[in-house]
Every structure is written in structure tokens, then in C-alpha cells.
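K.L.:
Take a look and give me a structure for this.
(chains A, B, C and D)
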2 protein chains.
Amino acid sequence: MRRWSKHSRLSPEDCDAILDLPYAVRTFGKDGYLVREGQEATECALLLHGFAFRQKLLRDGSRQIISFHIPGEFVDLQNALLGIADHNVQSVNRTEAAMIPRNAIIDLATARPAIRTAMWVDTLIDSSIFREWVVNVGRRDSRTRIAHLLCELAMRLEANGDGDGDAFDLPLTQEQLADATGLTAVHTNRTLQTLRREGLIHLNSGSFKILDWNKLREAGDFDELYLHQRI
Amino acid sequence: MRRWSKHSRLSPEDCDAILDLPYAVRTFGKDGYLVREGQEATECALLLHGFAFRQKLLRDGSRQIISFHIPGEFVDLQNALLGIADHNVQSVNRTEAAMIPRNAIIDLATARPAIRTAMWVDTLIDSSIFREWVVNVGRRDSRTRIAHLLCELAMRLEANGDGDGDAFDLPLTQEQLADATGLTAVHTNRTLQTLRREGLIHLNSGSFKILDWNKLREAGDFDELYLHQRI
DNA sequence: CGTTAATTTGAGACCATTCAATTTCGGTGG
DNA sequence: CCACCGAAATTGAATGGTCTCAAATTAACG
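P.N.:
All right, here's what the predicted structure looks like:
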């Protein structure tokens, strides 16, 4: 509700309807599967605690991460309509998610126009982020790519009310950052060292701090328009 | 209507409502801009004739193509809700598009549930394709990448009723294929030669023919689930 | 039929990968 | 509190896929 309120006007009745949604809280350990590719989706997952990411596995065993998700976000809202999951969703760390039956989502969207629009906009913003990721892995070099990803994560965490100014809890491994940027873990490591040496970031297991926003932004060729945080 | 009917049930009244949409036909020359990044969207473009693609330009002047679009497809339906375009849309060749006022789209979606759902599903399938493209440019080598893109285009053209069995009109330059796969035009050229030498495809300016579907599919690590052509 | 765009070719350079080894870190049990 | 363990991070050196730059050839078009 807090997320959607930023771009959609929800009435008290809308909020009540959201709070009345049936759900089951499920807990996932590190690397647990919230959704599996090819499976029919019977419920949608709303992240309560912990981080998650979407990914696809390739035949050679490599993995491409397609997006990261932070608490408060739906990780697979599109499955309410598409029915069959076209990718996997995995937890980064210990995670709690509210599993909401697909039908309940559909009914809510049917009954309440404002919520329906908010959901649609939500999936459209996801979509915009995927587009930027295509650009990121397609045309940027490793330093720019990683800086861009870090800018995005920081900005989304900030907008979510997480983190403290320029410091965030970010429990991602370098291997996960590598799979998100289309690089190897080894090269991600070297690139992070460059960013650290340049005084742009502080990053180690769990804690992430931006030391120079302007330089990181510049390094990452970052323009937040695509996040649609206003509108 | 033909596209949407594949995944949504539209009543005769729905179809009438679609046909009653106000629109203005606009013609674009090669590389004409249908939509510009940063601009407020006042209308959505439905392709009537010709091909188009979405792209973003980077500060170094390079370009990443994010998707291709064929006649009958909306190229920027998301702008009806997001308001500000986060990427450019360009025509491949001489193109005609029906420009439909944003408000008319919104009103139609509000008034007709089946159309609204069809629109939402349309944007969700777009989204799924973007995800696959992240994987494609992120983790596949050049040969696999190009083979995958060609499979996608063939399959979408086929489903659209274009093309004749395994032969299609595909007026893309190698530079455009390169910008879509995150490669250089030179390397795209060499890779296409490989695919031709292997007897998988026939491809030259304007005409594209698949000589061996199974091998091209295999070469491209292609699984069409993400196109959601059924569901 | 001239002119420009698109494709093709070659050679060298470079960014990122691969593979393997080492070090650091986080957690766990004694 | 410390020894131990596996996971994660780091380092080095060699390899390789793709890029860059430049030139030549072919195709498209008015």
C-alpha cells in the first residue's frame, strides 16, 4: 500500500480491501525457490522480509538474474494473469513472503479500479526496469554496469524507506551481482575493487555505502527516469 | 483484435468499441521517431504497416535496441499509464501507425473489462520478452544470441500470420541486429556468416528464411514459453 | 548510372573469461 | 574463547571472444 500510494490514489476502502486479502506467510531459506519456471502459478508472492531475485538458468548451467526485489514488492504479480511462470524467483537470504491466491488478486483488481490501476502500473514499472537492464548488460562496460546496478538498488531502497541516507543493508554476494550484470564473479570482484579504490562506494558482505553519489551516478551513466518514482 | 483474441475473449461489443477508437494515421520514414524518451505521452501508437523498434541511446552514442515490433502490435501501450516515455521508438522502414489518444485508451480500458485485461496481458507479454532479452544479451555468446533473436522474430511473425512457412520479410540491417544483441555490426556480420555456412538460415536485406528450424532452435537455446503464445 | 548505405574482410588490441590457488570471513561446536 | 569449516572474496597468469579501425566490395536507390 505504501508503494502503490506513491503513484496511485487509494481510498480507505481500497486499503481495507487490500488488508482483507487472504494470504499465507511462507518462509524461505537462502536460495529458496519462491516460484519455479514452467509451473502454473496459483498464488503471487509479496515480499515481507528479506530480498529476492528473478532468474533464468541456461542450458550450460549459467544463470542470469533479471531483477532484484526488496521488502514490500510483489515478485511475480504478472503470474496472476499469465498463469505459467516463465522464470524462477529465488530468495537472497532468509525471506518471508505473503502468498496470495491468484484468484483473490484477480477479484480485487476486478472490484477496485484504483487497485487495478496500481497493479498495472506496478507491472509496467517492472517492465521499464527490465528494459534498462537490457541496456545495462547489452551496451555498458563492467565498471559502468555495476555502478548502474548499485545506483538502482540504492535509489529503490531509499524510496522504500530502507537504509540510512547513503548506507544500506544489501546482503548480495559478488556472484549474485555478477549474474545480474552478465559478468563473472572474478571480474565483478576486480571491478568492485576499482570502485572502492576510486572512493565511490564501500561494499562488503551485507553492508553497502555510497561515498560519492555524484561520482557513482556519473560512473554508472545513471538516470532514474526509468524507475518512474514520480508517476 | 486478432492478436488479443488469442489470449482474451472479446465480445462483438468489445470489438465494436475497439473499432470506434479515435485515431490518426501517421507515416514515418526510415528511422523516424514514433516516440521520444522523456516526452510526455499523449497518444499510443499501433503499428499498421512496417516494423519498429524500441531503443535507448547511451552517452557514448551507442544504441541498445530493446525490442522489435511487427504490424498489429502496440509499440508503447505502457505510455497510456506511465505518462512519460522512458525510451525511444523508431521505425525500421517506411511505417504507418495509428496514433490513438491516451485518454481514449484509458476510457476504453475502464469501460470494457475484457479489453482492459487484454491490454494488461499485452504489456505483460512485452515484459516477459524483455526478461528473455536480458538473458540473451547477458549470458549467451554471439552465435547463440543471434540465433535466439531470429527464432523469436520468426515465431512472432508466424503467429502474426506474416511470412510463408519458414520465409519472412525482415527488413533489418545487420547494424540493427547488432544493436539488439549488444554486439558490433562487424561481429554480427561474421556470426551471420557462420549461421549461413552451417546451413541454418538464409538472410539478406529484406528476406529471411529458416533452412533448419531444429538446428536454429538448438543453436539459439530457444524455448518459446516466454512468448506466451498460448495463455 | 552515379552516389550513398550496407555488407564484408583483415589484422591487431583489449576487455573480460577461465582456471587454479590463496586468503578472508562468518558461523559452529568443543 | 578458540579451532575449525565451508562459503565468499581475492589474486595471478594465460586464454579467448569480441571490438576497433580501416579498407574493399556489394547492394540499394533516385
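K.L.:
right, and the helix or strand after the helix or strand harbouring A:C44?
P.N.:
Element membership for A:C44, per DSSP states H and E: strand A:43-49. The C-terminal neighbour of strand A:43-49 among helices and strands, as given by DSSP H and E, is strand A:52-57.
K.L.:
Which neighbouring elements make contact with that next one?
P.N.:
strand A:63-69, strand A:88-91, helix A:174-181, helix B:113-139 (3 or more C-beta pairs under 8 Å, 6 or more residues apart in numbering or on different chains; DSSP states H and E). Glycine gets a C-beta too; all of them are placed from N, C-alpha and C.
K.L.:
To DNA strand D, which of the ones you listed lies closest?
P.N.:
Closest approach to DNA strand D among the helices and strands packed on strand A:52-57 (C-beta to the nearest atom of the strand): helix A:174-181, 3.4 Å.
K.L.:
Would you mind listing the buried residues in the closest one?
P.N.:
A:Q174, A:Q176, A:L177, A:A178, A:D179, A:A180, A:T181 (16 or more other C-beta atoms under 10 Å in any protein chain shown).
K.L.:
quick revisit: just the buried residues of the strand holding A:C44, please?
P.N.:
Under the neighbour-count criterion of 16+ other C-beta under 10 Å, strand A:43-49 has A:E43, A:C44, A:A45, A:L46, A:L47 buried.
K.L.:
circling back: the helices and strands packed on strand A:52-57: which one's closest to DNA strand C?
P.N.:
Across those, closest to DNA strand C is helix A:174-181 (C-beta to the nearest atom of the strand), at 7.3 Å.
K.L.:
Next, the angle from the next helix or strand after that closest one to helix A:174-181.
P.N.:
Remark: after helix A:174-181, the chain's next helix or strand is helix A:185-197, criterion DSSP H and E. Counting by axes from the mean of the first three to the mean of the last three C-alpha atoms, to 10 degrees, helix A:185-197 lies at 100 degrees to helix A:174-181.
K.L.:
Give me the helices and strands touching whatever helix or strand comes next after helix A:185-197, please.
P.N.:
Sequence-wise, the next helix or strand beyond helix A:185-197 is strand A:201-204, with elements assigned using DSSP H and E. Under the contact criterion of 3+ C-beta pairs under 8 Å, 6+ apart, strand A:201-204 touches helix A:185-197, strand A:206-210.
K.L.:
Strand partners (parallel or antiparallel) of strand A:201-204?
P.N.:
Under the criterion DSSP bridges, strand A:201-204 sits next to strand A:206-210 (antiparallel) in its sheet.
K.L.:
How about the strand it pairs with and DNA strand D, any contact?
P.N.:
No: Strand A:206-210 does not reach DNA strand D (C-beta under 7 Å from any atom of the strand); its nearest approach is 8.7 Å.
K.L.:
Quick one: name the residues of chain A near DNA strand D.
P.N.:
A:T173, A:Q174, A:E175, A:A185, A:V186, A:N189, A:R190, A:L192, A:Q193, A:N204, A:S205.
K.L.:
so where is chain A shaky, pLDDT-wise?
P.N.:
A:231 (pLDDT under 70).
K.L.:
Show me the contact partners of the strand holding A:C44.
P.N.:
A:23-26, A:34-35, A:52, A:69-77, A:79-80, A:89, A:94-102, A:105 (C-beta atoms under 8 Å, 6 or more residues apart in numbering or on different chains).
K.L.:
where's A:R9, which helix or strand?
P.N.:
Going by DSSP H and E, A:R9 is not in any helix or strand.
K.L.:
Nearest residue to it in space, please, no chain neighbours.
P.N.:
Leaving out its chain neighbours, the residue that sits closest to A:R9 by C-beta to C-beta, 6 or more residues apart in numbering or on different chains is A:A114, at 6.3 Å.
K.L.:
count of neighbours near the one you found?
P.N.:
For A:A114, the neighbour count with other C-beta atoms under 10 Å in any protein chain shown is 16.
K.L.:
Could you check the angle the one helix or strand A:R145 maps to makes with strand A:63-69?
P.N.:
Element membership for A:R145 (DSSP H and E) is helix A:142-159. Helix A:142-159 runs at 30 degrees relative to strand A:63-69, counting by the same axes, to 10 degrees.
K.L.:
Run through the neighbouring helices and strands of the helix or strand just after helix A:142-159.
P.N.:
Using DSSP H and E, the helix or strand that follows helix A:142-159 towards the C-terminus is strand A:167-170. Applying 3+ C-beta pairs under 8 Å, 6+ apart, one finds that strand A:167-170 contacts helix A:142-159, strand A:206-210.
K.L.:
Show me what the most centrally placed residue in chain A is bridged to.
P.N.:
Centroid-nearest residue in chain A: A:H69, 2.5 Å away (criterion: C-alpha atoms, centre = their mean). Counting by DSSP bridges, A:H69 forms beta bridges with A:A52.
K.L.:
This completes my enquiry, with thanks.
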